[in-house]
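A structural model of the following input is requested.
(one chain, ligands or ions: 2)
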Amino acid sequence: MSDRETTPSAGRSGDQDPQEATTGVQGVGAGTPGAAARAVGLFKQYGQGDTAVTALDHVDVEFVRNQFTAIMGPSGSGKSTLMHCMAGLDSATGGSAFIGDTDLSTLRDKEMTALRRDRLGFIFQSFNLVPTLTAAENITLPSDIAGRKVDQDWFGEITSRLGLSQRLTHRPAELSGGQQQRVACARALVSRPEIIFGDEPTGNLDSKSSAEVLSILRTAVDQDNQTVVIVTHDATAAAYADRVIFLADGRIVNELHAPTMDTILATLTGIED
Ligand SMILES: Nc1ncnc2c1ncn2[C@@H]1O[C@H](COP(=O)(O)OP(=O)(O)OP(=O)(O)O)[C@@H](O)[C@H]1O
Ligand SMILES: [Mg+2]
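Ligands and ions are numbered 1, 2, ... in the order given. Reported below is the predicted structural model:
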């Protein structure tokens, strides 16, 4: 295993323009060719009138192709809402979410389902496993539905690295929370989607499993040209990313390029004060 797979700070693509590292959100609205996904003026309100909650307050952000981005911020700051809107799992109240050049708001239900199935992998905060299926069946379900052949070598490698080889015939109720989360990770990874969205993908994992998941995500970016966007509360996890975006009250309030544990923790302290 190379350093790239094990060292949080060593794996990122190190050829970033230092100038760019200080310019904040890149090329918003222009639709730069490098964007795997982007939000333009994304606005999301829950409820109406006095009880309305603004979960996203006109967010502009680009998720650069072949980069690993982490989204951090206090509970309730809109992280899950942003992910769900970007992945077409929830619709925004205003603004646009793009996957590549596709404006998600222009898609019909069937087209959205096909786009999610063919191009995206999603690791949910609540795993969303099918209780009647085994771990192995859950992992291959999206590929099976799409009629896509599963790469058995890749399936074997992922499930073994995630410590699931002995658990593949178990149903979710027979697995621990951490094992269920690893099944959800394997399901998102097995088809090598263009973009992987993860909502706290390591939230329930011990440090060893967490490092495996993050290292697999890092490799997906470095070796398989995938794009990874995760929400995390964990600075160790965020340090694997090329870039960290900080949300507070539905807005992007800061961002770091080539983050380290120290710069992440310092930025978080500033936001939560
Ligand atoms: N279905 C909903 N109906 C009403 N309000 C909601 C709904 N979903 C989220 N919210 C509100 O929107 C805001 C953003 O929620 P979101 O789940 O995006 O936060 P988060 O940053 O992911 O938090 P956490 O770190 O706790 O997961 C919160 O104030 C939340 O209460
Ligand atoms: Mg959340």
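
ok, G121 touching P201?
No: between G121 and P201 there is no contact under Cβ atoms under 8 Å: 10.4 Å. To be clear about C-beta, it is placed using only N, CA and C from the backbone, and glycine gets the same treatment.

what about those two, which has more around it?
Neighbours were counted for G121 and for P201 using other Cβ atoms under 10 Å; P201 has more, 29 against 25.

that older thread, would you mind listing the residues touching both of G121 and P201?
A188 (Cβ atoms under 8 Å, 6 or more residues apart in numbering).

Would you check how far apart A186 and ligand 1 are?
22 Å (Cβ to the nearest ligand atom, to the nearest Å).

Model confidence score at that residue, please.
Listed pLDDT for A186 reads 94.

ok, it - contacts?
I139, F155, I158, T159, L162, L164.

Looking at those, state which has the most neighbours.
Result: I139 is most packed of the contacts of A186 (other Cβ under 10 Å), 29 neighbours.

Would you list the phi and psi of that residue?
For I139, the backbone dihedrals (degrees, to the nearest 10) come out as phi -70, psi -40.

pretty sure it is touching V190, no?
Yes: applying Cβ under 8 Å as the test, I139 and V190 come out as touching, 5.6 Å apart.

Can you check which residues contact both of those two?
By Cβ under 8 Å, 6+ apart, the residues touching both I139 and V190 are F155.

Just give me how far the helix or strand harbouring S143 sits from the chain centre.
S143 is part of helix 135-146 when elements are defined by DSSP states H and E. Its chain's C-alpha centre and that of helix 135-146 lie 19 Å apart, by Cα atoms, centre = their mean, to the nearest Å.

got the buried residues for it?
A135, A136, E137, N138, I139, T140, P142, S143 (16 or more other Cβ atoms under 10 Å).

Next up, the contacts around the residue nearest to I195 when sequence neighbours are not counted.
By the measure of Cβ to Cβ, 6 or more residues apart in numbering, the closest residue to I195 outside its immediate chain neighbours is T227, 4.6 Å from it. By Cβ under 8 Å, 6+ apart, the contact set of T227 is A36, A37, F63, V64, R65, N66, Q67, F68, E194, I195, I196, V221.

right, and the helix or strand after the worst-scoring helix or strand of the chain on mean pLDDT?
Lowest by mean pLDDT, DSSP states H and E among the helices and strands of the chain is helix 3-6, with a mean of 41. Downstream of helix 3-6, the next assigned helix or strand under DSSP H and E is strand 35-46.
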